[in-house]
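J.: compute the structure for the input listed below.
(one chain, ligands or ions: 2)
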Amino acid sequence: MGELDWPNLPFGYIKTDYNIRCYYRDGAWGELEVSESETVNLHMASTCLHYGQEAFEGLKAFRGKDGKIRIFRLDENAKRLQSSCDGIMMAKMPIELFTEAVRKVVKLNERFIPPYESGSSLYIRPFLIGTSAQVGVSPAKEYLFMIFVTPVGPYFKGGFKTSPVVILRQYDRAAPLGTGIYKVGGNYAASLVAGEKAHELGYAAVLYLDAKEKKYLDECGPANFFAIKNNTYITPISTSILPSITNNSLMKLAEEMGLKVERRQITTEELETFEEAGQCGTAAVISPISKVDDLDENNSFVIAKDGMPGPICTRLYQKLRAIQYGDEPDNYGWVTVLE
Ligand code: PLP
Ligand code: COI
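T.: Numbering: from 1, shown residues only. Ligands and ions are numbered 1, 2, ... in the order given. Predicted coordinates:
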């Protein structure tokens, strides 16, 4: 490869050397296989192509000042993939096999892990699909698990700076008793129209409301929502949002900083009381929110009055990044160091 422009990488696909594959056949997972091919050969009646049997994960590896490679909360992503598999009836990848596969694919593509100074990282995308042929709606008997990696910069343009989000009341992403709590492809298909509309209108993301009452905040298209007021970190509780591992980590860090943490329903009216707010996720890290426009209600809630990230979002961001890159101690056992 030519030298990559490490500090200015987009959040996108860059070909790396190897990917990992593992097949589930006759009720058992096979060996991990290393591949150099970017394509897969699929039966045209595979359940992933017709009935959405697809789940994925997203995690990151970081290169520290000490040159070591650190993977953030690997076990949590392994567990969440299992939960997604239960949610759409796919064969579950054992935790140990998942972690071994992630370690292996990162190690094999070591030369693509951005240098410490760049502030970029290696995005790891494990996914699992139903591959056997089925015409009636029922789960596949065979599955393929894969992981590719790609070096990435920030998900939202400009990295750590504020951006606006929008409530579009004519669209839902996930139903209260649907698949929103799982990381399955169908949820993202359901978010494409609203997401593109938001981008055309100049917003970074859609802030979805609960689909039933349209009263409470749910989450953003690719990230959870949190807000700060009165020295409290507040994040929605809902049956239709993805349990974000970043959000879970930020709640711990907020507590450690002496903030109160509340997981509860948040009404749209409460938006005007927030001192700070942000989107959080593996790709988003923390993306502070400048304002929330509720277009159909003709309401606009300005959160960052000066357009700058607030002090608590900034501290949380710095703390999280410091743990991920190994600049500060990993007090919670979140980091897997690859030797
Ligand atoms: N919510 C949605 C819908 C997401 O796609 C993601 C990204 O993974 C998140 C939240 C954040 O989750 P995590 O922090 O585990 O990456
Ligand atoms: C992530 O943060 O890992 C995501 O999956 C978000 C988005 C790229 C779908």
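J.: list the buried ones in the host helix or strand of residue 252?
T.: In this structure, residue 252 sits in helix 245-256 according to DSSP states H and E. Residues of helix 245-256 classed as buried by neighbour count (16 or more other Cβ atoms under 10 Å): 245, 246, 247, 249, 250, 251, 253, 254. Bear in mind the C-beta positions are built from the backbone N, C-alpha and C, glycine included.
J.: with adjacent residues omitted, what lies nearest to the residue of the chain found nearest ligand 2?
T.: As assessed by Cβ to the nearest ligand atom, ligand 2 sits closest to residue 58 within the chain, at 2.1 Å. Counting by Cβ to Cβ, 6 or more residues apart in numbering, residue 282 is the residue found nearest to residue 58 once chain neighbours are left out, at 4.6 Å.
J.: residue 56 is in contact with that neighbour, correct?
T.: No: assessed by Cβ atoms under 8 Å, residue 282 is found out of contact with residue 56, at 11.4 Å.
J.: higher neighbour count, the two?
T.: The residue with more neighbours, out of residue 282 and residue 56, is residue 282; 22 against 17, by other Cβ atoms under 10 Å.
J.: identify the bridge partners of residue 72.
T.: Residue 72 has these beta-bridge partners by DSSP bridges: residue 335.
J.: surely it is in contact with residue 326?
T.: No: at 10.5 Å, residue 72 does not count as touching residue 326 under the criterion of Cβ under 8 Å.
J.: neighbour-wise, which of these two wins?
T.: residue 72 (24 against 20).
J.: quick check: the more buried one vs residue 94, distance?
T.: Applying Cβ to Cβ, to the nearest Å, the value for residue 72 to residue 94 is 21 Å.
J.: can you map out the helices along the stretch 51-200 of the chain?
T.: 74-87, 95-108, 185-189, 192-200 (DSSP state H, counting those that start in this stretch).
J.: present these as CSV; the columns should include mean neighbour count and mean pLDDT.
T.: Below are those laid out as CSV (neighbours: other Cβ atoms under 10 Å; pLDDT from 0 to 100):
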stretch, mean neighbour count, mean pLDDT
helix 74-87, 19, 98
helix 95-108, 18, 98
helix 185-189, 16, 98
helix 192-200, 15, 98
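J.: spell out which residues of the stretch 101-250 of the chain are next to ligand 1.
T.: Contact residues (Cβ under 6 Å from any ligand atom) of the stretch 101-250 of the chain with ligand 1: 219, 222, 223, 224, 242, 244, 245, 246, 247.
J.: which residue, other than its chain neighbours, is closest to residue 34?
T.: Nearest residue to residue 34 in three dimensions, chain neighbours excluded: residue 18, at 5.3 Å (Cβ to Cβ, 6+ apart).
J.: identify the residues contacting that neighbour.
T.: 34, 35, 36, 105, 108, 109 (Cβ atoms under 8 Å, 6 or more residues apart in numbering).
J.: contact residues of the stretch 101-250 of the chain facing ligand 2?
T.: residue 222.
J.: all strands of the stretch 1-150 of the chain, in order?
T.: 19-25, 28-29, 33-35, 54-56, 59-63, 69-72, 121-130, 143-152 (DSSP state E, counting those that start in this stretch).
J.: make TSV out of these and add mean pLDDT.
T.: As requested, those are exported to TSV (pLDDT from 0 to 100):
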stretch	mean pLDDT
strand 19-25	98
strand 28-29	98
strand 33-35	98
strand 54-56	98
strand 59-63	98
strand 69-72	98
strand 121-130	98
strand 143-152	98
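J.: mind checking which of these is nearest residue 10?
T.: strand 143-152 (7.4 Å; Cβ to Cβ).
J.: angle of that closest one against strand 19-25?
T.: Counting by axes from the mean of the first three to the mean of the last three Cα atoms, to 10 degrees, strand 143-152 lies at 170 degrees to strand 19-25.
J.: okay, buried residues for stretch 105-125 please.
T.: Neighbour count says stretch 105-125 has 105-106, 108-109, 112-114, 116, 118-125 buried, by 16+ other Cβ under 10 Å.
J.: tell me the two of these that are most distant?
T.: Within those, 108 and 119 form the most distant pair, 23.5 Å apart (Cβ to Cβ).
J.: so, low pLDDT: which residues of the chain?
T.: The model of the chain has pLDDT under 70 over residues 1-2.
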